[in-house]
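Peer 1: Provided below are the primary sequence and the corresponding predicted coordinates.
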Amino acid sequence: MSYGALDDAPVSVVLLLLFPLGQEQEALTVLAAAARGKRQPAIREALSEAESPWDIPPLLGDEGA
């Protein structure tokens with residue numbers, strides 16, 4: 001996806017986190033897991049191949065989501 005990034009690099013994964021007010025710690029935990037996962041080639045590939053939003057939490061180590 002092209003969106004006019006400063007480095008002109010294409011985007012392959014977009015992550016939108018929506019949490020209720022008061023759950024900032026949970027949001028940061030999920031964001032940290034996503035950042036760690038993006039550094040692992042197998043996780044990056046699995047994220048790119050996810051067919052449903054429900055495929056993603058297990059990839060980030062959140063089986064209960």
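Peer 2: Cool, the structure landed.

Peer 1: Measure how buried Gln23 is and give me the count.
Peer 2: Gln23: 11 surrounding residues under other Cβ atoms under 10 Å. From N, CA and C alone the C-beta is placed, and that goes for glycine too.

Peer 1: looking at this structure, which helix or strand does the model trust least?
Peer 2: None of the helices or strands of the chain scores lower by mean pLDDT, DSSP states H and E than helix 56-59, at a mean of 84.

Peer 1: list the helices and strands that helix packs on?
Peer 2: When contacts are defined as 3 or more Cβ pairs under 8 Å, 6 or more residues apart in numbering; DSSP states H and E, helix 56-59 sits against helix 41-49.

Peer 1: Contacts for the helix it packs on, please.
Peer 2: With contacts defined as Cβ atoms under 8 Å, 6 or more residues apart in numbering, helix 41-49 is touched by Ser12, Val13, Gly37, Lys38, Asp55, Ile56, Leu59.

Peer 1: Which of those are buried, as a ChimeraX select command?
Peer 2: The following ChimeraX line selects those of the contacts of helix 41-49 that are buried, judged by 16 or more other Cβ atoms under 10 Å:
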select :37,56,59
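
Peer 1: Dump the contacts of helix 41-49 into CSV; add distance to Tyr3 as well.
Peer 2: Conversion of the contacts of helix 41-49 to CSV gives the following (distance: Cβ to Cβ, whole Å):
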residue, distance to Tyr3
Ser12, 12
Val13, 13
Gly37, 22
Lys38, 17
Asp55, 23
Ile56, 21
Leu59, 23
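
Peer 1: buried stuff in the one helix or strand Gln25 maps to?
Peer 2: Taking DSSP states H and E as the definition, Gln25 sits inside helix 24-38. By neighbour count on 16+ other Cβ under 10 Å, the buried set for helix 24-38 is Val30, Ala33, Ala34, Gly37.
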